[in-house]
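> Fold the following.
(one chain, ligands or ions: 1)
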Amino acid sequence: MMIQELTRQESVNLLARMRLGRLACAHETQPYVVPIYFAYHNECLYGFSTVGQKIEWMRANPLVCVEADEVVGPEHWVTVLVFGHYEELPDTPEWAGAHTVAYTLLKQYAVWWEPAYAKTILHGIQRPLVPVFYRIHCRRITGLRQVRRRRPDRARGEAGAPRLLRTSMAVAGPIEET
Ligand SMILES: Cc1cc2nc3c(=O)[nH]c(=O)nc-3n(C[C@H](O)[C@H](O)[C@H](O)COP(=O)(O)OP(=O)(O)OC[C@H]3O[C@@H](n4cnc5c(N)ncnc54)[C@H](O)[C@@H]3O)c2cc1C
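Modelled structure (predicted):
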């Protein structure tokens, strides 16, 4: 197994073709992570939401982290992390340019508004639907990929799992239901 660092350009290329990410924001010491759709353009991730916990938390603390990945299997995956800051794009004349960019990017996808704008009932109360376009400025982007390597050929004396893992698995024994 080998984990390789992606170049910034490789990470950006992946972000440009990925759509689904996990957005992490924080209030005081409490982190909060939710799945979101995004569209990458020009060092920013653009998204659509309605006002709720994540928007309120990002308004109060705009520092966020977004994770996106393509996982084929435990030995074949790529992940990208964006450390950035949240900026809301109000529907006003002075924000018209950025607002149009967000709308143009997101509307390429069918029912792009749906996960954000779906009727939601929480604790018996219907959540108000106040639309918000936003972008996340990508301050730092990192990417990692694990590349699949040929299975070890024991007949040729090639090693399997590291000795440390083999030992700890032997000590732990089989997992039993409790
Ligand atoms: C594949 C996918 C794509 C999505 N894309 C978007 C998107 O582009 N834009 C968007 O706004 N939303 C999207 N959603 C929905 C999103 O994950 C949130 O559920 C939604 O945005 C509400 O978040 P909020 O912070 O406003 O929650 P609120 O409505 O304020 O939530 C209140 C409470 O509900 C719980 N909660 C909220 N969301 C979730 C969740 N997903 N899972 C479990 N518990 C939850 C939390 O405990 C939270 O404290 C997507 C969901 C999925 C599965």
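> backbone phi and psi for the residue in the chain that the ligand sits nearest to, please?
Using C-beta to the nearest ligand atom, the closest approach of the chain to the ligand is made by residue 52 at 1.9 Å. Just so you know, the C-beta spots here come from the backbone N, C-alpha and C atoms, and that holds for glycine as well. Backbone torsions of residue 52, given as degrees, to the nearest 10, read phi -170, psi -160.
> what's near enough to touch the nearest residue to it once chain neighbours are set aside?
Counting by C-beta to C-beta, 6 or more residues apart in numbering, residue 52 lies nearest to residue 127, which is 6.6 Å off, once chain neighbours are set aside. For residue 127, the contacting residues are 50, 52, 119, 120, 121, by C-beta atoms under 8 Å, 6 or more residues apart in numbering.
> and what of residue 79?
67, 68, 69, 143, 144, 145.
> mind listing which of these are in strands?
67, 68, 69, 143, 144, 145 (DSSP state E).
> what sits opposite the fifth one in the beta ladder?
Listed by DSSP bridges, the beta-bridge partners for residue 144 are residue 5, residue 79.
> could I get the contacts of residue 79 as CSV with neighbour count?
CSV is the format used below for these (neighbours: other C-beta atoms under 10 Å):
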residue, neighbour count
67, 13
68, 24
69, 17
143, 23
144, 15
145, 19
